[in-house]
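*Asks:* Curious how this folds, go ahead:
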Amino acid sequence: MGKFKDFLRAITNISEDVDVEAANQAIRKNITFRGHNVYILAFAIIIASIGLNINSIPVIIGAMLISPLMGPIIGFGLGLGTNDTKLIKSSLINLTVMMAISILSSAIYFALSPLKMENPTELLARTRPTIYDVLIALFGGFAGIFEMSRKDRSGGTVISGVAIATALMPPLCTVGYGLATFRLKYALGAFYLFSINSIFIALATYVTVKFLKFPQVVFKDRQKERKLKRNIAIITILIMIPSLFTAVMVVKENNFNTLASKFVKENKSIGKGYIYDYKTNATSRPPTIEISMAGEILSDSDKEHLFEAAEDLGLTRKQLIIKENASFKRENYMSGNELVEGIFRRNEAEIKKRESTIMDMEKQLDEYKSRDIPYSQISKEITAQYPGIDEISIARGAQVKTSTFEPDEEILVNIKWVKPASADELSKIESYLKVRLNFENVKIISQQEP
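*Replies:* Got it, this is the predicted structure:
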């Protein structure tokens with residue numbers, strides 16, 4: 001056991017690998033947003049906004065690798081941990097500048113973007129924080145400050161990974177989207193997620209700075225020092241209390257959503273009806289789950305069964321809301337066809353829409369095929385009649401007059417001859433091609449090989 005303890009102590013000891021001074025300087029260096037950093041941040045925010053706009057995860061990740069966002073947040077945690085008021089003020093000022101640049105850039109992009117967001121799953125994912133976001137921000141902050149405190153760093157790999165994992169940029173982009181499209185709910189939800197990430201990264205930095213015993217700012221005036229420590233303690237408590245409250249609330253919401261998902265899974269079908277959709281409101285008091293039913297209207301006994309199933313999971317009857325807008329009342333109990341008809345009737349419009357789309361695509365495909373030119377076969381036919389031809393180029397294009405800018409479709413045929421061709425030969429070839437291609441606007445360009 002003694003050897004095992006020594007082994008654990010050896011592999012977990014980091015005292016020899018910590019460079020506090022280098023970490024201190026590196027953190028302070030990355031706080032300021034001036035010059036190039038302002039432009040890099042704005043460009044990265046626009047790239048991330050495009051990624052959210054087109055639902056592209058690789059683009060979002062690339063933007064997070066570019067952006068210098070974590071500096072002021074880690075600097076704020078360092079300032080708290082070392083009693084450095086100047087660093088705290090500088091970090092907060094630069095964090096505000098960073099947020100303003102990010103939100104403004106994304107708002108301008110989304111206000112001008114012509115792309116519509118029919119199913120913005122990546123964007124919507126940044127409007128509702130979960131317990132996983134809290135844990136990722138906390139342990140991502142630990143990883144970041146531990147990496148910056150190490151003597152032999154890995155060249156930014158860990159910091160880049162933390163920037164991706166904690167996802168500071170997408171929430172700010174979503175705030176810009178909410179403001180640009182006047183969707184305050186999106187903006188508030190995304191800003192809430194950004195606040196969680198920032199607070200817990202700063203909190204992890206604060207704890208690590210205390211653990212690694214970073215040098216504290218010492219004042220000659222003891223009274224001023226005591227006042228400073230008191231103020232920093234108040235700030236730290238003000239950060240930690242909302243953080244703990246947020247963590248507890250997020251855990252409760254996550255547990256309720258998990259419970260709701262379990263309830264729906266276990267009661268998907270009931271009687272001659274079924275749950276086709278559900279939504280939760282974990283922020284209401286008490287939290288509620290609203291289920292939408294389809295099929296036959298539930299009997300009183302079926303509803304009672306659902307209420308009892310909810311109570312078995314720890315829910316109350318008030319927390320379960322049953323909606324039957326898509327259900328129908330069964331009149332003829334001698335036949336069971338109504339239920340099947342009701343289900344298929346709901347999908348009939350969608351099926352017709354898909355069939356119409358397929359027909360339109362087939363029509364476009366047929367039209368495209370009809371415009372296809374058999375280049376090789378036509379070249380063989382012309383060469384068989386006129387052996388003096390060395391090369392034939394055929395292309396479908398358009399002639400545009402600058403007076404009207406209206407396109408006039410035409411087929412251009414460029415023929416290279418070994419020896420000069422007569423006007424009669426060119427006229428015959430042109431007439432042949434008009435018939436062969438079933439197209440009147442054919443133009444011949446004749447060239448002689450040098």
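*Asks:* contacting residues for the closest residue to residue 421 other than its chain neighbours?
*Replies:* Spatial nearest neighbour of residue 421, chain neighbours left out: residue 446 (5.6 Å); criterion: CB to CB, 6 or more residues apart in numbering. Using the backbone N, CA and C atoms, a C-beta is placed for each residue, glycine as well. Residue 446 makes contact with 415, 417, 421, 426 under the criterion CB atoms under 8 Å, 6 or more residues apart in numbering.
*Asks:* Likewise for residue 410?
*Replies:* When contacts are counted by CB under 8 Å, 6+ apart, residue 410 touches 396, 397, 398, 399, 441, 442, 443.
*Asks:* Now the phi/psi pair for it, please.
*Replies:* phi -150, psi 160 (degrees, to the nearest 10).
*Asks:* Excluding chain neighbours, what is closest to it?
*Replies:* residue 441 (4.3 Å).
*Asks:* any idea how far the one you found lies from residue 397?
*Replies:* With distances taken as CB to CB, to the nearest Å, residue 441 is found 10 Å from residue 397.
*Asks:* hey, what's in contact with both of the two?
*Replies:* Joint contacts of residue 441 and residue 397 (CB under 8 Å, 6+ apart) are 409, 410, 411.
*Asks:* isn't residue 113 right up against residue 46?
*Replies:* No: with contacts counted by CB atoms under 8 Å, residue 113 stays clear of residue 46, the gap being 9.9 Å.
*Asks:* The two: which has the busier surroundings?
*Replies:* residue 46 (20 against 16; other CB atoms under 10 Å).
*Asks:* Find the nearest non-adjacent residue to that one, please.
*Replies:* residue 109 (5.2 Å).
*Asks:* On the secondary structure side, give me the element for the one you found.
*Replies:* helix 85-112 (DSSP states H and E).
*Asks:* Flag every buried residue along that helix.
*Replies:* Buried residues in helix 85-112, counted by 16 or more other CB atoms under 10 Å: 87-88, 90-91, 94-95, 97-99, 101-103, 105-110.
*Asks:* Repeat that for stretch 202-211.
*Replies:* Applying 16+ other CB under 10 Å to stretch 202-211 flags 202, 203, 204, 205, 206, 207, 208, 209 as buried.
*Asks:* Kindly report the same for stretch 317-325.
*Replies:* Buried, per 16+ other CB under 10 Å, within stretch 317-325: 319, 320, 322, 324.
*Asks:* now do stretch 59-66
*Replies:* 59, 60, 61, 62, 63, 64, 66.
*Asks:* What of stretch 431-440?
*Replies:* Buried-residue list, stretch 431-440, by 16+ other CB under 10 Å: 433, 437.
*Asks:* what residues does that stretch touch?
*Replies:* 373, 378, 381, 382, 411, 413, 442, 444.
*Asks:* do that again at 6 Å, thanks
*Replies:* 411, 442 (CB atoms under 6 Å, 6 or more residues apart in numbering).
*Asks:* can you check stretch 311-328 too?
*Replies:* Contacts of stretch 311-328 (CB under 6 Å, 6+ apart): 259, 263, 273, 286, 288-294, 297, 307, 310, 342.
*Asks:* farthest pair in these?
*Replies:* Spatially, the most separated pair among the contacts of stretch 311-328 is 286 and 342, at 32.9 Å (CB to CB).
*Asks:* between these two, who's got more neighbours?
*Replies:* Neighbour totals were compared for residue 286 and residue 342, and residue 342 leads with 18 against 11 (other CB under 10 Å).
*Asks:* got a pLDDT number for the more buried one?
*Replies:* On pLDDT, residue 342 comes in at 59.
*Asks:* Kindly report the same for residue 364.
*Replies:* The model's pLDDT for residue 364 equals 81.
*Asks:* Residue 51 is in contact with residue 61, isn't it?
*Replies:* No: using CB atoms under 6 Å, residue 51 makes no contact with residue 61, being 8.0 Å away.
*Asks:* Is residue 227 within a helix or a strand, and which one?
*Replies:* Using DSSP H and E, residue 227 falls in helix 222-266.
*Asks:* Starting from the helix or strand following that helix, tell me which strands it pairs with and how they run.
*Replies:* The element immediately downstream of helix 222-266 (helix or strand, assigned by DSSP H and E) is strand 269-270. Strand 269-270 pairs in its sheet with strand 273-281 (antiparallel), by DSSP bridges.
*Asks:* Show me what the following helix or strand past the strand it pairs with packs onto, helices and strands only.
*Replies:* Later in the chain than strand 273-281, the nearest helix or strand by DSSP H and E is strand 288-296. If you count contacts as 3 or more CB pairs under 6 Å, 6 or more residues apart in numbering; DSSP states H and E, strand 288-296 packs onto strand 273-281, strand 320-328.
*Asks:* Least confident of those strands, on average?
*Replies:* Here the helices and strands packed on strand 288-296 differ in mean pLDDT, and the lowest is strand 320-328 at a mean of 79.
*Asks:* domains for this protein, by residue range?
*Replies:* Here the domain assignment for the chain is 15-217, 375-448, based on automatic domain parsing.
*Asks:* and of those domains, who's closest to residue 351?
*Replies:* domain 15-217 (20.3 Å).
*Asks:* and the closest one, how far out from the chain's middle?
*Replies:* 16 Å (CA atoms, centre = their mean, to the nearest Å).
*Asks:* next one: stretch 202-220
*Replies:* With CA atoms, centre = their mean as the basis, the mean position of stretch 202-220 lies at 35 Å from the chain mean.
*Asks:* doesn't residue 197 make contact with residue 137?
*Replies:* Yes: between residue 137 and residue 197 there is a contact under CB under 6 Å: 4.3 Å.
*Asks:* Comparing the two, which residue is more hemmed in?
*Replies:* Shown here are residue 137 and residue 197; by other CB under 10 Å, residue 137 has more neighbours (29 against 26).
*Asks:* Whatever helix or strand the more buried one lives in packs against which elements?
*Replies:* Here residue 137 sits within helix 131-148, counting by DSSP H and E. In terms of contact count using 3+ CB pairs under 6 Å, 6+ apart, helix 131-148 is assigned the packing partners helix 157-166, helix 184-211, helix 222-266.
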